[in-house]
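[1] No sequence on hand, only this structure:
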């Protein structure tokens, strides 16, 4: 409709399964090279990701790191979560790929950092 607001995507979806076997972005591949080098030396790993985007990184991690590895993504915009799950094949899996909407990334990172320091002392 000319001059009107854009149509809502609430009732749209694209049924697809993401191929998490590779990343097309050089930037993402560079980040994941670092993560994979840690994954290979760990039986289980808890990863905090600030920002979900399309969910490519959490999906890649869950497919390439050992079973028991979990990714918690912090996303402040529920529309991003909806887009990732409805249009990009991202699947939220409790204990594997989770999304935190109740806090900001900075707050969650502070909590995780503090907990990490407590566990190491």
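    Yep, it's here. Keep in mind it's a predicted model, so treat the numbers as computed, not measured. Numbers count the residues shown, from 1 in each chain.

[2] Direction included, what does the helix or strand harbouring residue 73 pair up with?
    In this assignment (DSSP states H and E), residue 73 forms part of strand 70-74. Here strand 70-74 has these sheet partners by DSSP bridges: strand 46-50 (parallel), strand 97-100 (parallel).

[3] Export those strands to a markdown table and append columns for mean neighbour count and distance to residue 69.
    Glycine gets a C-beta too; all of them are placed from N, C-alpha and C. Putting those into a markdown table (neighbours: other Cβ atoms under 10 Å; distance: least, Cβ to Cβ, whole Å) gives the following:
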| stretch | mean neighbour count | distance to residue 69 |
| --- | --- | --- |
| strand 46-50 | 17 | 7 |
| strand 97-100 | 18 | 10 |
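
[4] any chance of the ones you listed in TSV, plus mean pLDDT and distance to residue 75?
    Listed next are the strands paired with strand 70-74 as TSV, based on pLDDT from 0 to 100; distance: least, Cβ to Cβ, whole Å:
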stretch	mean pLDDT	distance to residue 75
strand 46-50	87	9
strand 97-100	84	6
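
[5] and these as a markdown table, adding distance to residue 58?
    Output for the strands paired with strand 70-74, formatted as a markdown table (distance: least, Cβ to Cβ, whole Å):
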| stretch | distance to residue 58 |
| --- | --- |
| strand 46-50 | 6 |
| strand 97-100 | 5 |
